[in-house]
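Pasting the sequence and the predicted model now:
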Amino acid sequence: MSSIQNMSMRLNQLSGQLTAAAQSGGMSEVGMIVSELSQIQAELQSAQAGVTPETSSAVRQELVNCRMVLHGMMNAVQEIRTAIAEQYRQVLGENKTVFEQMDETAQQSEYAEAYQHRQLFQQMDQVSQQLHQLDGSMLDAGYQMERGQVAGDSLNGAVTIEGLTSGTDNNGSMS
């Protein structure tokens, strides 16, 4: 199994864990998900270094599969954030302004449930940022692999031409 396939499996697992964490309000689980996404980001960079023109087509397809999972996770995070924000507003009602003016200790002691919702919402923001970063990195990696594949293909059997130079005329423009 390639490292990208492994990433895809782990992303699927994280997607399930994300949904479970949101339903249970498990903030420590969300922190673990953020950490795992960071690890996957680092593994993507090392996996990208080992890709050859011969393997890049299959790896690019695996990256597409990973990105599909990421997009599902992004949608889930958005839904979770919306639900948490609604719960936060419901718990506070007309006390929202008062709550937001309190220091963190007072918020935690006087409005513990709202405080937890806000903390979970902030963690979901972190997850969302990680997902978007990882998605961008995978998109970049796929693009670089595709460019490497095209460059590799165009060099197969090519003859190099030596001695070609570009000159400039006296005005400094290309001739």
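Nice, thanks for sending it over.

switch to C-alpha atoms for all contacts and neighbour counts from now on
Noted.

Give me the distance between residue 21 and residue 64.
With distances taken as CA to CA, to the nearest Å, residue 21 is found 26 Å from residue 64.

wait, I meant residue 101
From residue 101 across to residue 64, the span is 45 Å (CA to CA).

And these two? Which one has more around it.
residue 64 (17 against 10; other CA atoms under 10 Å).

could you say which helix or strand contains that one?
helix 56-92 (DSSP states H and E).

which stretches of this structure aren't confidently modelled?
Across the chain, the ranges flagged by pLDDT under 70 are 1, 25-27, 51-56, 148-175.

Helices of that one, start to end?
Assigned by DSSP state H, the helices in the chain fall at 3-24, 27-49, 56-92, 96-101, 104-110, 112-155.

tilt between the longest one and helix 3-24?
So the one you mean is helix 112-155. Angle of helix 112-155 versus helix 3-24, following axes from the mean of the first three to the mean of the last three CA atoms, to 10 degrees, is 160 degrees.

Quick one: distance of helix 112-155 to the chain centre.
Offset of helix 112-155 from its chain centre (CA atoms, centre = their mean, to the nearest Å): 2 Å.

I'd like to know which elements that helix is packed against.
On a contact count with 3 or more CA pairs under 8 Å, 6 or more residues apart in numbering; DSSP states H and E, helix 112-155 meets helix 27-49, helix 56-92, helix 104-110.

Would you mind saying which of those helices lies nearest residue 122?
Among these, helix 56-92 comes nearest to residue 122, with 8.8 Å by CA to CA.

what is the orientation angle of that closest one with helix 112-155?
Using the same axes, to 10 degrees: helix 56-92 against helix 112-155 is 160 degrees.

buried ones in helix 56-92?
Across helix 56-92, burial judged by 16 or more other CA atoms under 10 Å covers 56-57, 59-60, 62-67, 69-70, 73-74, 76-77, 80-81, 84-85, 87-89, 91-92.

Over to stretch 124-141?
Quick answer for stretch 124-141 (16+ other CA under 10 Å): 124, 126-128, 130-132, 134-135, 137-139, 141.

Now distance to residue 112 too, for the residues you listed, in TSV please.
Converted to TSV, the buried residues of stretch 124-141 look like this (distance: CA to CA, whole Å):
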residue	distance to residue 112
124	18
126	21
127	23
128	24
130	27
131	29
132	30
134	33
135	34
137	38
138	39
139	41
141	43
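
Tell me the one of these nearest residue 4?
The closest of these, once distances to residue 4 are taken by CA to CA, is residue 138, at 10.0 Å.

Right, I'll call it a day here.
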